[in-house]
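*Asks:* what shape does this take:
(2 chains)
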Amino acid sequence: MNKVVKNVEEALQGIEDNMTIMLGGFGLCGIPENSINRLVKMGVKNLTCISNNAGVDDFGLGLLLQTRQIKKMISSYVGENDEFERQMLSGELEVDLIPQGSLAERCRAGGAGIPAFFTPAGYGTEVAEGKEVRVFNGKPHILESALTADFAIVKAWKGDTEGNLVYKSTARNFNPMMAMAGKITIAEVEELVPAGELDPNFIHTPGIFVQRIFQGEKFEKRIEQRTVRQRG
Amino acid sequence: MALDKNGIAKRIAQELQDGWYVNLGIGIPTLVANYIPEGIEVEFQSENGILGMGPFPFEGEEDPDLINAGKQTVTLRKGAAIFDSATSFAMIRGKHVQLTVLGAMEVSQDGDIANWKIPGKMVKGMGGAMDLVASADNIIVAMMHSNKAGESKILKKCTLPLTGVGCVKKVVTEIAVLEIKDGKFHLIERAPGVSVEEIVSKTEGELVVPDFVPEMQL
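*Replies:* Have a look, this model is predicted:
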């Protein structure tokens, strides 16, 4: 089944105002940068974005915050983005902060047909407010619901024409779960190869979860915290 | 004399045991990796998807696709494994990680911890901290005893929004090692040259002080 679209313009067709979009990545690592740049150009507004972080002021999802295209963010950590913090504290931006493991599992559940699950994370904190609490094995847990999205946009290292994906190093992060949870999942890859080129034993995301795939034009892959050690 | 950040990390490293999988939080906890006692082997788990995290890369060898949970460029050790975020937190929630070290803004004598939000001022988010503290059996908090205004952060009750309840077992600060049990702090060790009186005066929470409080051996 050929999932290939010719470019980012075609890949993002159908994304409209007020939609919910999942975007893979951890920090700036493994984010679909070509697609984010395209969303800025499209000018779609009032988006609800589900992504672990919100980029930095001038890269990643930070770009969509600068242009005020995001109405609501669902994230676990937003510490590297001044504009985000400003918009959140001033009330311009709705923010739902949720524990990172719960975010990952809620996306996984959304893609896996599990409507909700109990987790110990967040019990006794403001994350638990309004949520059902149940005790298992003597320990309280809170009920967390699944997350899905109109579109999920993920970034992979290699992908084939069938939509099978392979990620590289920690650029994997949230991408596999989000790929499962999109009604339409768009995969932006560094290298698009013909079906049969990827070893079936080493596919991370099976093509069934991907509806559209394209090779990104350019990957800047900005490093957020460049840390090195001295030789010798 | 009070310890610096490296001193705190060094003291925490003494808690490591051979064969443990360990998750280190951002800040002082990260430094613990520099002081692994000789003769033991531990593996560091980074919640963005690494088991077997190595040191920072040499200059010119940074890989933007390989970072730790603090978004710093890192390397992999031989035998390392990469996985997605759901698998990572399965390791954490499933208690496969033996020790979690993290920072805190406040800790209470009931073992509550606050480290993610100052209402109206600072909201960075909890990241993986809530999942980590809710599940780990063995949590050590690395923190300064007082804030910049000189107020104790070792409290009867946390004033900031909580990250987890009743979960912290041990706290290492620049002046003391404290254990938390039965709703009280227990003074276990003091930093070299730091008096018990100083620790008592800087601790707002209820503190049990034994007759003899040994100095940390660093």
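
*Asks:* quick one: contacts for the closest residue to chain B within chain A?
*Replies:* Here the residue of chain A nearest chain B is residue A:101; by C-beta to the nearest C-beta that distance is 3.0 Å. The way it works is simple: take the backbone N, C-alpha and C, and place the C-beta from them, glycine included. Contact analysis of residue A:101 by C-beta atoms under 8 Å, 6 or more residues apart in numbering or on different chains lists A:119, A:121, B:47, B:85, B:88-89, B:92-93, B:128, B:130-131.

*Asks:* I'd like to know how many residues surround residue B:87.
*Replies:* Here the number of neighbours of residue B:87 (other C-beta atoms under 10 Å in any protein chain shown) works out to 17.

*Asks:* can you check residue A:9 too?
*Replies:* A total of 12 residues lie near residue A:9 under the criterion other C-beta under 10 Å.

*Asks:* elements contacting the helix or strand of chain B with the lowest mean pLDDT?
*Replies:* Here the helix or strand of chain B ranked lowest by mean pLDDT, DSSP states H and E is strand B:122-123, holding a mean of 80. For strand B:122-123, the packing partners by 3 or more C-beta pairs under 8 Å, 6 or more residues apart in numbering or on different chains; DSSP states H and E come out as helix A:82-89.

*Asks:* pull out the buried residues from the helix it packs on.
*Replies:* Neighbour counts over helix A:82-89 (16 or more other C-beta atoms under 10 Å in any protein chain shown) mark A:83-85, A:87-88 as buried.

*Asks:* got it, and stretch A:33-45?
*Replies:* So stretch A:33-45, judged by 16+ other C-beta under 10 Å, has buried residues A:33-39, A:42, A:44.

*Asks:* could you do stretch A:41-60 as well?
*Replies:* A:42, A:44, A:47-56, A:59-60.

*Asks:* quick one, what contacts residue 59?
*Replies:* Defaulting to chain A. Contacts of residue A:59 (C-beta under 8 Å, 6+ apart): A:28, A:33, A:220, A:222.

*Asks:* hm, I was asking about chain B
*Replies:* By C-beta under 8 Å, 6+ apart, residue B:59 lies in contact with A:228, A:230-231.

*Asks:* can you list those in JSON lines and add pLDDT, secondary structure and distance to residue A:135?
*Replies:* Formatted as JSON lines, those follow (pLDDT from 0 to 100; DSSP: H, G, I helix; E, B strand; the rest coil; distance: C-beta to C-beta, whole Å):
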{"residue": "A:228", "pLDDT": "94", "secondary structure": "coil", "distance to residue A:135": "48"}
{"residue": "A:230", "pLDDT": "89", "secondary structure": "coil", "distance to residue A:135": "52"}
{"residue": "A:231", "pLDDT": "86", "secondary structure": "coil", "distance to residue A:135": "54"}
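
*Asks:* mind checking the SS state of residue A:72?
*Replies:* Three-state assignment for residue A:72 (DSSP: H, G, I helix; E, B strand; the rest coil): strand.

*Asks:* got a pLDDT number for the nearest residue to it once chain neighbours are set aside?
*Replies:* Spatial nearest neighbour of residue A:72, chain neighbours left out: residue A:94 (3.9 Å); criterion: C-beta to C-beta, 6 or more residues apart in numbering or on different chains. Note on residue A:94: pLDDT of 95.

*Asks:* how many neighbours does residue A:94 have?
*Replies:* For residue A:94, using other C-beta under 10 Å, the count is 13.

*Asks:* show me the helices in chain A, by range?
*Replies:* With helices called from DSSP state H, chain A shows them at A:8-11, A:33-42, A:62-66, A:82-89, A:100-112, A:175-181.

*Asks:* which one of those lies closest to residue B:216?
*Replies:* helix A:100-112 (32.6 Å; C-beta to C-beta).

*Asks:* ok, the residue of chain B positioned farthest from its centre to residue A:204 distance?
*Replies:* Most distant residue from the mean C-alpha position of chain B: residue B:60, 30.6 Å away (C-alpha atoms, centre = their mean). For residue B:60, the distance to residue A:204 (C-beta to C-beta, to the nearest Å) stands at 28 Å.

*Asks:* go on, residue B:169?
*Replies:* The value you get for residue B:169 to residue A:204, if C-beta to C-beta is used, is 37 Å.

*Asks:* higher neighbour count, those two?
*Replies:* Neighbour tally, residue B:169 and residue A:204, criterion other C-beta under 10 Å: the higher count belongs to residue A:204, 20 against 16.

*Asks:* and the pLDDT at that one?
*Replies:* On the pLDDT scale, residue A:204 is placed at 98.

*Asks:* for the helices of chain A, which has the smallest mean pLDDT value?
*Replies:* Across these, the lowest-scoring stretch is helix A:82-89, with a mean of 86.

*Asks:* is chain B contacted by that one?
*Replies:* Yes. For helix A:82-89 and chain B, the contact criterion (C-beta under 8 Å from any C-beta of the partner chain) is met by A:85, A:88-89.

*Asks:* does anything pack onto the helix or strand bottoming out on mean pLDDT in chain A? Which helices or strands?
*Replies:* Lowest by mean pLDDT, DSSP H and E among the helices and strands of chain A is helix A:82-89, with a mean of 86. Under the contact definition 3+ C-beta pairs under 8 Å, 6+ apart, helix A:82-89 sits against helix A:62-66, strand B:122-123.

*Asks:* for those, which one ends up most surrounded?
*Replies:* helix A:62-66 (a mean of 21; mean count of other C-beta atoms under 10 Å in any protein chain shown).

*Asks:* list the contacts for residue B:35?
*Replies:* B:6, B:9-10, B:13.

*Asks:* correction: residue A:85
*Replies:* A:78-79, B:122-124.

*Asks:* check residue A:143 too.
*Replies:* Contacts of residue A:143 by C-beta under 8 Å, 6+ apart are A:116-118, A:131-134.

*Asks:* one more time with 6 Å, if that's ok
*Replies:* Contact analysis of residue A:143 by C-beta atoms under 6 Å, 6 or more residues apart in numbering or on different chains lists A:116, A:118, A:131-132.

*Asks:* going through those, which ones are buried?
*Replies:* Counted by 16+ other C-beta under 10 Å, the contacts of residue A:143 give residue A:118 as buried.

*Asks:* distance to chain B added to the contacts of residue A:143, as TSV?
*Replies:* Listed next are the contacts of residue A:143 as TSV, based on distance: C-beta to the nearest C-beta, whole Å:
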residue	distance to chain B
A:116	15
A:118	11
A:131	13
A:132	16
